[in-house]
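Novice: following is a predicted model, sequence given first.
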Amino acid sequence: MSILTTENLSVSFGDFDLFQGLNLSVGNDSKIGLIGPNGIGKTTLLHILAGLSAPTSGKVHLARGRRLAYLPQEAIGAFADRQNTVYGEMLAVFEDLQRWGQRLAELEQAMASGEYSDELLEKYGDLQQAFENAGGYEYEVRIQQVLQGLGLGQEYWHMPVNQLSGGQKTRALLARLLLEKPDLLMLDEPTNHLDLEAVEWLEHALSAWDGAVLIVSHDRYFLDNTASAIWEMRPHGVQAYSGNYSAYLLQRQERWEYTQRVYKEEKARLLKEVDFIQRNWVRASTHARALGLLRRLSRDLAVVDTYGLMALRNGKKWSEMALRVRPLDVVEAIRKVNAVQLPSDRPPHIRPRLAAAHTSGNIVLKAASLTVGYPGNSLFSVEEAELRRGECAALLGPNGAGKTSFLKTLLGQLAPLEGKVQLGAGLKTGYFSQAQEHLDDSRTVLDELLAHQGMHPEEARRLLARYLFQGEEVFRQVSVLSGGERARLALAILALQGANFLVLDEPTNHLDIPSREALQEVLDNFDGTILLVSHDRYLINRLATQVWELKDHSLQIFKGSYREFILQRPSGSGQVAKEQRALLPSKPLVRKDSVAAHHYAAALATLEARIHHQESAVQRLAGELQKAGQEGAYETIQVLSWKVAQAQVKLDNLMTEWEKLASG
C-alpha cells in the first residue's frame with residue numbers, strides 16, 4: 001500500500017516546464033533517495049508533496065490517516081514564535097503522554113492517601129499499561145538520545161529555540177520530526193548542518209525507521225547507507241532504480257550501454273533503408289516498394305523527432321499525428337537519418353582539469369611538536385605528521401575542532417603557537433578555500449579568472465564553459481553568484497595554477513552529484529599530493545591513503561584507507577554498522593601512483609555493487625514466485641522458477657568471482 005502517490009504532476013513557469021506528468025508512489029516502508037542536478041526541481045517537488053505549494057496541474061494523494069513531515073534545507077524561520085527551550089520543544093511532542101503521567105501520579109497519590117479500592121486499582125493498572133505501551137517510560141530517554149545524536153548536547157537544552165543559529169534550528173527541527181514519528185519523513189539535504197558523527201548517527205536512525213523516508217541529498221555515502229531505492233530527477237521526468245546509490249550507478253551504466261546499442265542498431269537499420277530507397281527509387285519494378293519504405297521511414301523519423309530512438313526499439317504505438325506525416329523526399333530522408341544523434345540524458349556537469357606543472361620532492365609536508373590555535377586559545381597539538389608525494393591525507397574532525405585553522409597554519413597564513421611545519425622542495429601549492437574569500441565580489445566572473453591568469457578572453461571563456469559558465473553568464477558579478485557557482489569559479493581558478501600539492505577545504509560543498517562525480521574522477525587521476533578536508537565520505541573513501549583525525553585536542557594519524565580506518569574504530573564510537581560497512585571496498589583504495597591497485601579497487605567496488613543488485617533481483621523474484629504459489633498461477637510459477645534459478649546461478653558466479661578477486 002502506498003502512503004503517497006502523485007497523478008500527472010506538473011510545474012510550469014510561463015513557457016518553461018520545470019517538470020511534467022510525474023506519476024510517483026511512496027510505499028509504506030520505502031527508503032528513497034531523490035537525486036538530480038541543481039535547479040532540476042527537487043525542492044519544488046518536495047514543497048508540493050508536503051502541501052506547501054500547489055502544482056500547475058496534477059494531484060497529490062496522501063493516504064487517509066497518514067501523516068507526513070518535511071525538513072527544509074534551511075530552517076531559519078522555524079520556532080520564530082516559540083518561547084520554549086530546546087528540551088521543552090521536544091517535550092511538547094509528548095503532551096499526551098505527559099498528561100497520562102500526571103493522571104497516574106494523581107492516582108498514585110490518591111492510593112497513598114488511603115483512597116484505595118479494587119476499581120481504582122484496576123483503573124490505575126489499565127492506565128499504567130497503556131502508558132507503558134505508548135512509550136511513557138522511554139520518551140525522555142529518546143529525547144536525550146536524539147538531541148545528543150544530532151549534536152545538540154546538554155549545553156543547548158535550556159537555550160530558547162528562537163535564539164539558536166540557523167544550522168542549530170535545522171538540527172532542532174530534525175530532532176522534533178524524528179520524535180514525532182510521521183508515516184512519511186521528507187528530508188531536504190539533512191546532512192548540511194551535521195558533522196560526521198551526527199551524520200553517522202542519523203544513518204543508523206533512518207536505517208531503523210519504521211515508516212517511509214524520502215531524502216534529497218548530494219551525499220552519496222549517506223545515500224548508500226540509507227536508501228533502498230533511488231529516484232533520479234531529469235528534465236523529462238523521474239527514473240526509478242532499485243538499491244542504494246552504488247547499485248544505481250551500476251544500473252545507470254547498464255541502461256546507458258543499452259541505449260548506445262539501440263542507437264547503433266536503429267541508425268544502421270535506417271541507413272540501410274535509405275540506401276535501398278536511393279538505389280531503387282528510379283526503377284519501375286521496385287519504385288512502389290521504395291515508396292512504401294520511404295513512407296514508413298518518414299513515420300519512423302517523425303517518431304524519432306518526437307520520442308527518440310528508444311521508442312522504435314520499444315515498439316511504441318505511433319500517434320495519429322505521426323502516421324499522417326507527409327512522406328519526405330529521398331534527399332530529406334538522407335539528411336534526417338544522418339542527423340540522428342545518440343540521445344544523452346546526462347545533466348550538465350563540470351569538466352575540470354587539474355595537472356601538476358612539475359614534480360615535487362618526495363617529502364611534501366612534515367610537522368613535529370606542533371600546536372595549532374590562536375593566542376590564548378590552543379585548539380590541538382600534532383606530535384608528528386608526514387605526507388609524501390602521491391599520497392592523499394583526509395583531515396577529519398567535528399565542526400569547530402580547527403581543521404581550517406590547521407590548513408592555514410600549514411600554508412603559513414596562521415603562525416603556530418608551538419613547533420614548526422616544513423614544506424618539501426619543488427612544491428607549488430593550490431588552495432581551495434571553503435569560504436572562497438579570495439574571490440573579488442566587485443569583478444565579473446570573466447574578469448576574476450583573467451585576474452588570476454593572463455590569457456585571451458576567448459580562451460578564458462572556453463575554460464569557464466567547462467565549469468558551466470556559458471554565454472552571458474561570464475559577465476555576472478561574483479557578488480551575486482550562488483554557493484555552487486562560487487565553488488565552480490574557485491575550481492576553475494585552481495585548475496590554472498598547475499599545483500602539485502592541493503590543499504582542499506570542502507571542495508564538494510554546493511556541488512550536485514554529477515559535478516561531484518566529475519571532480520572525484522579528476523582528483524583520482526591527479527598525479528600530485530592532496531590534503532583534503534571534506535564531509536564527503538564517498539570522496540574520502542575513493543582518495544584517502546591516510547586519515548588524520550582531530551580528536552581529544554590532538555591530531556591522530558592513521559596510515560591506511562578510510563575503510564581500514566572505519567574498521568579499526570572501537571564499537572560504540574558512532575561508526576558505520578557492520579552491514580553498512582559491507583558497502584565499502586574490501587581493499588584499500590590507493591591513488592594513481594599504483595595504477596594496478598587502482599584498477600583492482602575499482603573492479604572490486606563494481607563487483608560488490610553488482611552482487612548487491614543481483615541479491616535484490618533474487619529476492620524480488622522469490623517474492624513473485626511465492627505470490628504466484630499462493631494464487632495458484634501454475635504457468636507463472638513455472639516461468640518464475642526458471643528465472644529464480646537463473647538469477648541464483650548468476651549470483652553464485654558473481655560471488656565466486658568476488659572470492660577470487662578478493663583473495664588475489
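Specialist: That came in fine, so what should we check first?

Novice: and the residue lying closest to A175 once chain neighbours are set aside, how many neighbours does it have?
Specialist: Distance criterion C-beta to C-beta, 6 or more residues apart in numbering; nearest residue to A175, sequence neighbours excluded, is V146 at 4.8 Å. Every C-beta, even on glycine, is put in place using the N, C-alpha and C of the backbone. For V146, the tally of surrounding residues (other C-beta atoms under 10 Å) stands at 21.

Novice: ditto for S442
Specialist: 9.

Novice: kindly report the same for A175.
Specialist: Count around A175 with other C-beta under 10 Å applied: 23.

Novice: same thing with L178?
Specialist: Neighbours of L178 using other C-beta under 10 Å come to 24.

Novice: cool, T444 as well?
Specialist: Neighbour count for T444, taken as other C-beta under 10 Å: 16.

Novice: G390 too?
Specialist: 21.

Novice: that one reaches L543, doesn't it?
Specialist: No. Counting by C-beta atoms under 8 Å, G390 stays clear of L543, with 11.5 Å between them.

Novice: picking up where we left off before, surely the residue nearest to A175 and M90 touch.
Specialist: Yes. Contact criterion C-beta under 8 Å: V146 and M90 qualify, at 7.4 Å.

Novice: what pLDDT does the residue most central in space within the chain get?
Specialist: Central residue of the chain (C-alpha atoms, centre = their mean): H218, 3.2 Å from the mean position. Turning to H218, the model gives it a pLDDT of 90.

Novice: cool, and the one 10 residues further on?
Specialist: Confidence at S228, expressed as pLDDT, is 91.

Novice: contacts only, for the nearest residue in space to it that is not next to it in sequence.
Specialist: Computed as C-beta to C-beta, 6+ apart, the closest residue to S228 that is not its neighbour in sequence is K31, at 4.4 Å. For K31, the contact set (C-beta atoms under 8 Å, 6 or more residues apart in numbering) comprises L206, W209, A212, V213, I215, T226, A227, S228, A229.

Novice: could you do A78 as well?
Specialist: Neighbours of A78 in contact, by C-beta under 8 Å, 6+ apart: V161, K169, T170, A172, L173.

Novice: which ones among the residues you listed are found in strands?
Specialist: Using DSSP state E, no member of those sits in strands.

Novice: could you list the low-pLDDT ranges of the stretch 201-350 of the chain?
Specialist: Along the stretch 201-350 of the chain, the model assigns pLDDT under 70 to residues 281-282, 299-348.

Novice: tell me the secondary structure for L214?
Specialist: At L214 the chain is in strand, as set by DSSP: H, G, I helix; E, B strand; the rest coil.

Novice: what's the burial count for it?
Specialist: Residues near L214, counting by other C-beta under 10 Å, number 27.

Novice: please apply the same query to the one 5 residues further on.
Specialist: When counting by other C-beta under 10 Å, one arrives at 26 neighbours for D219.

Novice: wait, it touches L539, no?
Specialist: No. Judged on C-beta under 8 Å, D219 makes no contact with L539 at a distance of 10.1 Å.

Novice: sorry, back to before: could I get the contacting residues of the residue nearest to the centre of the chain?
Specialist: I35, E189, T508, L511, D512, I513, R516.

Novice: is it correct that it falls within a helix?
Specialist: No. Per three-state DSSP, H218 lies outside any helix segment and is coil.

Novice: just the helices in the stretch 151-300 of the chain please.
Specialist: 154-157, 166-180, 196-207, 220-226, 245-280, 287-307 (DSSP state H, counting those that start in this stretch).

Novice: same list (these) but as CSV, adding distance to L45.
Specialist: Listed next are the helices of the stretch 151-300 of the chain as CSV, based on distance: least, C-beta to C-beta, whole Å:
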stretch, distance to L45
helix 154-157, 32
helix 166-180, 19
helix 196-207, 20
helix 220-226, 17
helix 245-280, 18
helix 287-307, 24
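
Novice: thinking again about what came up before, of the contacts of K31, grab the buried ones for PyMOL.
Specialist: Those of the contacts of K31 that count as buried under 16 or more other C-beta atoms under 10 Å are selected in PyMOL with:
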select buried, resi 206+212+213+215+226+227+228+229
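
Novice: so, low pLDDT: which residues of the stretch 51-200 of the chain?
Specialist: For the stretch 51-200 of the chain (pLDDT under 70), the answer is 116.

Novice: and if we set it to 90?
Specialist: 73-84, 96, 98-139, 141, 161-168, 192-198, 200 (pLDDT under 90).

Novice: the strands in it, which residues?
Specialist: Shown for the stretch 51-200 of the chain, the strands assigned by DSSP state E, counting those that start in this stretch span residues 57-62, 68-71, 184-188.

Novice: how many residues are close by H236?
Specialist: Neighbour tally, H236, other C-beta under 10 Å: 12.

Novice: now it: how far from L24?
Specialist: 14 Å (C-beta to C-beta, to the nearest Å).

Novice: just the helices in the stretch 1-150 of the chain please.
Specialist: Using DSSP H, counting those that start in this stretch, the helices of the stretch 1-150 of the chain run over 42-49, 86-91, 95-112, 118-133, 139-149.

Novice: mind checking how far the longest one is from the chain centre?
Specialist: The gap between where helix 95-112 is centred and where its chain is centred comes out at 47 Å by C-alpha atoms, centre = their mean, to the nearest Å.

Novice: just the CA trace of that helix, in PDB.
Specialist: C-alpha atoms of helix 95-112 as PDB (Å, rounded to 0.1, in the frame of the first residue of the first chain):
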ATOM      1  CA  GLU A  95       2.000  16.300  25.600                       C
ATOM      2  CA  ASP A  96      -0.500  13.400  25.700                       C
ATOM      3  CA  LEU A  97       2.000  11.200  27.500                       C
ATOM      4  CA  GLN A  98       2.700  13.900  29.900                       C
ATOM      5  CA  ARG A  99      -1.000  14.200  30.700                       C
ATOM      6  CA  TRP A 100      -1.200  10.400  31.200                       C
ATOM      7  CA  GLY A 101       1.800  10.600  33.500                       C
ATOM      8  CA  GLN A 102       0.200  13.400  35.600                       C
ATOM      9  CA  ARG A 103      -3.000  11.300  35.800                       C
ATOM     10  CA  LEU A 104      -1.000   8.300  37.000                       C
ATOM     11  CA  ALA A 105       0.700  10.500  39.600                       C
ATOM     12  CA  GLU A 106      -2.700  11.700  40.800                       C
ATOM     13  CA  LEU A 107      -4.000   8.100  41.200                       C
ATOM     14  CA  GLU A 108      -0.800   7.100  43.000                       C
ATOM     15  CA  GLN A 109      -1.200  10.000  45.400                       C
ATOM     16  CA  ALA A 110      -4.900   9.100  46.000                       C
ATOM     17  CA  MET A 111      -4.000   5.500  46.800                       C
ATOM     18  CA  ALA A 112      -1.100   6.600  49.000                       C
END
